[in-house]
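> With the sequence up front, the predicted model follows.
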Amino acid sequence: MMRVVAFLGSPRVGGNSDLLLGEALRPIYEDGHDVVLFRLNSMNIRPCQNCRGCEQTGICVIKDEMEMIYRAIRASDRIIVASPIFFFGLSAQVKTMIDRCQALWCERYLLKKSIPSGEYGRKGMLILVGGMKKEIGIQCGDATAKAFFRSISFPEHETLSFIGVDHKGAILNHPTALKEAYDAGRKLVAK
């Protein structure tokens, strides 16, 4: 059984990111994998203060709900990040969580301690959805996510993206989105 951690980065409950993430998680639940879902908007996570407190230890000095996320990341085999695209980037909720992973970046790159890959290896998935019609928002969001995944010892990730989808629930009218999300979730946990 794989340990899967999912991060919902949308402030909108039942929105497009939420619906896509739910569909990606469906086959993972069906296969009986262990899933931990963090709804970032409802969590108490302070922004990184760039205090350099983590440089010698790889441990963030801020004590808040991010501590649960650190534990989950360390124990996970798969990670899914779902975010709307706002102003060509990931949501503030996702970006705050990623910035706080500076402690894990320090652990990996300064202290030379990567998180072990475990029995199944470590793979990630990024789900992006936005109202814009241009791909630049997807490209920018994916670049940030790539740095995040590599910093937490996830050497590869797949990106599933949809543009031109804005209003709450509009993804339900997309002809293939839900099936694509389901298939991507199934592929993520395939051995």
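Noted; the coordinates are in hand. All of these numbers come straight from a predicted model, not from anything done at the bench.

> What helix or strand is the residue nearest the centre of the chain located in?
Taking CA atoms, centre = their mean, the centroid of the chain lies closest to residue 81, which sits 2.1 Å from it. Here residue 81 is covered by strand 78-86, with elements defined by DSSP states H and E.

> How about residue 27?
helix 16-30.

> And the pLDDT at the residue nearest to the centre of the chain?
Here, the pLDDT recorded for residue 81 equals 98.

> residue farthest from the centroid of this structure?
residue 56 (26.0 Å).

> buried ones in the helix holding residue 27?
16, 17, 18, 19, 20, 21, 22, 23, 24, 25, 27, 28 (16 or more other CB atoms under 10 Å). Placement of C-beta: from N, CA and C, glycine included.

> Residue 162 belongs to a strand, doesn't it?
Yes. Applying DSSP: H, G, I helix; E, B strand; the rest coil, one finds residue 162 inside a strand.

> what's the nearest residue to it if we skip its chain neighbours?
The shortest distance from residue 162 to any non-neighbouring residue, by CB to CB, 6 or more residues apart in numbering, is to residue 129 (4.6 Å).

> Surely that neighbour forms part of a strand?
Yes. Counting by three-state DSSP, residue 129 is part of a strand.

> That one bridge partners, please.
Note on residue 129: beta-bridge partners by DSSP bridges are residue 84, residue 162.

> before we move on, back to that, which other residues reach the helix holding residue 27?
2, 4, 6, 8-10, 12, 35, 37, 78, 80, 82-84, 125, 127, 129, 160, 162, 165, 168-172, 177-178, 181-182, 184-186, 188-189 (CB atoms under 8 Å, 6 or more residues apart in numbering).

> Can you tell me how far residue 126 is from residue 135?
14 Å (CB to CB, to the nearest Å).

> quick one: the closest residue to residue 53 other than its chain neighbours and residue 52, what's the gap?
Nearest non-adjacent residue to residue 53, counting by CB to CB, 6+ apart: residue 61, 3.6 Å away. Noted for residue 61: a distance of 9 Å to residue 52, by CB to CB.
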